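Visitor: No sequence on hand, only this structure:
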């Protein structure tokens with residue numbers, strides 16, 4: 001009974017396509033949840049923007065839903081922990097009012113502006129200094145773009161901020177700080193110091209006075225204001241804590257707090273995160289690394305930025321059949337219908353293949369102009385073959401990321417976990433496990449990002465003496481999927497073709513030609 005709950009912890013995951021809010025008890029059991037979708041806009045091909053006001057409205061709506069479902073007394077609420085997008089930054093005036101939409105992490109407008117960073121760093125030097133490969137997708141290149149293309153707006157901007165500090169401020173926080181775990185996709189951090197890089201800031205043309213100072217994750221930031229209490233339905237005065245970046249929160253929520261452990265979050269994007277005791281464990285350069293949600297620790301990551309987005313694209317653009325079937329079955333998820341359809345096709349999708357690079361290829365190639373597509377189609381293919389190819393293609397891009405961890409981290413990965421909304425279907429989780437080829441553990445709470453944010457809020461507010469204690473109390477393992485050994489040869493051959501076709505197109509320059517074409521005839 002909710003009346004027996006002693007303390008409740010709120011986890012807010014303000015993601016790219018929607019906000020998830022879950023209220024947890026001290027054992028990690030969900031008491032109430034809410035979700036609110038919002039959209040991004042694309043004013044030009046490859047450009048992705050988002051209204052901060054829309055995200056704030058989504059946070060408030062999702063929180064009100066969760067509060068209503070939990071039906072707890074006000075006295076039970078203890079803390080709020082926040083997870084937000086990384087690499088998406090807001091552009092604010094002196095009153096912290098947005099001057100334009102935020103530039104989203106997968107926005108590709110800085111393809112030319114990234115040259116300013118290339119001119120200041122060799123690729124090896126940049127990665128050693130920031131933990132990141134040089135890329136037009138990181139915030140630094142987009143700030144250069146703003147300076148080069150919108151100089152009046154650039155000069156008018158008082159603050160460049162991440163969602164973490166902006167939304168906590170909207171809730172009433174008085175500590176205007178960020179943290180290393182929220183800066184990973186900015187490409188603006190000195191990785192050794194876990195602080196802003198003055199060298200990168202010089203290239204961007206900004207000083208530290210236009211950025212929130214860097215503090216630590218899981219630190220108290222203030223208390224919920226009366227206005228925010230009215231907007232969210234939470235009781236006024238709740239402790240507000242920084243959580244971390246979304247993927248570090250997902251790692252915490254999956255229990256990834258020791259060397260050798262990693263989790264792959266399958267959401268709008270797909271990001272794999274492993275715990276690092278020390279950066280000396282890194283043995284390659286195909287991944288990126290940053291601050292973990294555990295204060296003073298590091299993580300290492302790789303990404304596939306269009307996994308869940310590819311499935312959503314199918315639903316929105318081609319999924320009328322799945323949506324109708326969902327409605328006929330009383331709201332059964334269209335994604336679950338898609339997985340059922342995929343099961344009608346044989347492993348390998350009868351030779352159909354899907355490249356999931358709908359918003360670039362990230363790990364291991366960092367190819368901003370790569371794009372997705374179906375390959376190998378014949379007149380004999382049916383709808384269920386295409387859906388299976390879609391799911392398998394997403395899993396093959398995940399395998400490219402996983403294989404990079406096996407080669408680039410000392411000792412590799414010995415405890416692999418799958419999290420995120422994409423793992424709610426056991427059928428899709430099995431496909432992912434079969435393609436990647438190693439056992440995968442699934443936690444009871446699939447929304448590990450919200451759980452991780454709640455855990456960091458619980459620890460930061462003093463409810464637990466350490467993150468280890470909080471994780472031990474609140475993270476519950478549900479099941480383990482074993483790869484089907486009979487499919488290993490099939491998926492091994494398919495993966496070689498999947499990767500070989502990508503490399504052939506990329507090396508021939510045709511992705512770049514297509515990108516130039518789309519810009520020319522937009």
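Guide: Perfect, thanks for sending it. Keep in mind that this is a model prediction, so the values were computed, not measured.
Visitor: Averaged pLDDT, stretch 427-437. What do you get?
Guide: Averaging pLDDT along stretch 427-437 gives 97.
Visitor: What residues sit buried inside that stretch?
Guide: 428, 429, 430, 431, 432, 433, 434, 435, 436, 437 (16 or more other CB atoms under 10 Å). Quick note: C-beta positions are derived from backbone N, CA and C, even for glycine.
Visitor: That stretch: how far from the chain's middle?
Guide: Stretch 427-437 sits 20 Å away from the centroid of its parent chain (CA atoms, centre = their mean, to the nearest Å).
Visitor: Can you name the residues in contact with that stretch?
Guide: Contacts to stretch 427-437, defined as CB atoms under 8 Å, 6 or more residues apart in numbering, come from residues 264, 266, 335, 339-340, 342-343, 347, 391-392, 394-396, 398-399, 402, 416, 418, 422-423, 439-440, 442, 481-484, 487-488, 491-492, 495.
Visitor: Next, check those against the strands and list the overlap.
Guide: Applying DSSP state E to those, the entries found in strands are 264, 266, 416, 418, 440, 442, 481.
Visitor: in what helix or strand does residue 300 lie?
Guide: strand 298-304 (DSSP states H and E).
Visitor: After that strand, which helix or strand is next?
Guide: That would be, after strand 298-304 and using DSSP H and E, helix 307-317.
Visitor: Report the inter-axis angle for that next one versus strand 298-304.
Guide: On the basis of axes from the mean of the first three to the mean of the last three CA atoms, to 10 degrees, helix 307-317 is oriented at 30 degrees to strand 298-304.
Visitor: And for helix 307-317, what's in contact with it?
Guide: For helix 307-317, the surrounding residues in contact (CB under 8 Å, 6+ apart) are 17, 266-270, 322-323, 334-335, 338, 354, 356, 358-359, 372, 387, 390-391, 393-394, 397-398, 420-422.
Visitor: burial of the nearest residue to residue 7 once chain neighbours are set aside, as a residue count?
Guide: Leaving out its chain neighbours, the residue that sits closest to residue 7 by CB to CB, 6 or more residues apart in numbering is residue 78, at 4.3 Å. Residue 78: 19 surrounding residues under other CB atoms under 10 Å.
Visitor: From the chain's centre, how far out is whichever strand or helix holds residue 78? Work that out for me.
Guide: For residue 78, the host element (DSSP H and E) is strand 77-84. Between the centre of strand 77-84 and the centre of its chain there are 18 Å (CA atoms, centre = their mean).
Visitor: likewise stretch 212-226?
Guide: On CA atoms, centre = their mean, the centre of stretch 212-226 falls 21 Å from that of its chain.
Visitor: Can you list the buried residues in that stretch?
Guide: Those would be 212, 214, 215, 216, 217, 218, 220, 221, 222, 223, 224, 225, for stretch 212-226 by 16+ other CB under 10 Å.
Visitor: residues contacting the second one?
Guide: Meaning residue 214. 177, 178, 179, 180, 183, 189, 194, 195, 196.
Visitor: Low-confidence regions, the stretch 151-300 of the chain specifically.
Guide: Applying pLDDT under 70 to the stretch 151-300 of the chain flags no residue at all.
Visitor: Strands along that one, start to end?
Guide: For the stretch 151-300 of the chain, strands defined by DSSP state E, counting those that start in this stretch occupy the ranges 159-162, 189-190, 195-196, 220-223, 239-245, 261-266, 270-276, 288-291, 298-304.
Visitor: in its sheet, what does the last one sit against?
Guide: Yep, that's strand 298-304 we're talking about. Strands that pair with strand 298-304, judged by DSSP bridges, come out as strand 270-276 (antiparallel), strand 288-291 (antiparallel).
Visitor: and what of the second one?
Guide: Strand 189-190 pairs in its sheet with strand 195-196 (antiparallel), by DSSP bridges.
Visitor: Which parts of the longest helix belonging to the chain count as buried, going by neighbours?
Guide: Assignment by DSSP state H gives helix 383-408 as the longest helix of the chain. Counting neighbours by 16+ other CB under 10 Å, one finds that the buried residues in helix 383-408 are 384-405, 408.
Visitor: Also stretch 48-56?
Guide: For stretch 48-56, using 16+ other CB under 10 Å, the buried residues are 48, 49, 50, 51, 52, 54, 55, 56.
Visitor: Need phi/psi at the first one.
Guide: In terms of degrees, to the nearest 10, the main-chain angles of residue 48 are phi -130, psi 120.
Visitor: list the contacts for it?
Guide: For residue 48, the contact set (CB under 8 Å, 6+ apart) comprises 40, 41, 42, 103, 104, 106, 107, 108, 359.
Visitor: Write the ChimeraX selection for whichever of those are buried.
Guide: The following ChimeraX line selects those of these that are buried, judged by 16+ other CB under 10 Å:
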select :40,103,104,106,107,108,359
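Visitor: In space, what's closest to residue 158 - neighbours in sequence excluded?
Guide: Nearest to residue 158 is residue 94, by CB to CB, 6+ apart, at 4.4 Å.
Visitor: Now that neighbour, what are its backbone angles?
Guide: phi -70, psi -20.
Visitor: Now do it against residue 210, distance only.
Guide: 11 Å (CB to CB, to the nearest Å).
Visitor: try residue 37
Guide: 32 Å.
Visitor: These two: who's more crowded?
Guide: Legend: neighbour count by other CB under 10 Å for residue 37 and residue 210, higher for residue 210 (16 against 13).
Visitor: Now do the contacts for that one.
Guide: Contacts of residue 210 by CB under 8 Å, 6+ apart are 157, 158, 159, 160.
Visitor: which ones are touching the nearest residue to residue 364 once chain neighbours are set aside?
Guide: Counting by CB to CB, 6+ apart, the nearest residue to residue 364 once its immediate chain neighbours are dropped is residue 286, at 4.0 Å. Residues counted as contacts of residue 286 (CB under 8 Å, 6+ apart) are 302, 363, 364, 404, 407, 408.
Visitor: do residue 249 as well
Guide: Contacts for residue 249 were tallied using CB under 8 Å, 6+ apart; they are 11, 13, 81, 83, 243, 293, 448-453, 456.
Visitor: Give the closest residue to it in space, chain neighbours not counted.
Guide: residue 452 (3.4 Å).
Visitor: burial of the one you found, as a residue count?
Guide: 37.
Visitor: before we move on, back to that, tilt between the longest helix of the chain and helix 307-317?
Guide: Counting by the same axes, to 10 degrees, helix 383-408 points 160 degrees away from the direction of helix 307-317.
Visitor: end-to-end on stretch 335-348?
Guide: Its first and final residues considered, stretch 335-348 spans 20 Å by CA to CA, to the nearest Å.
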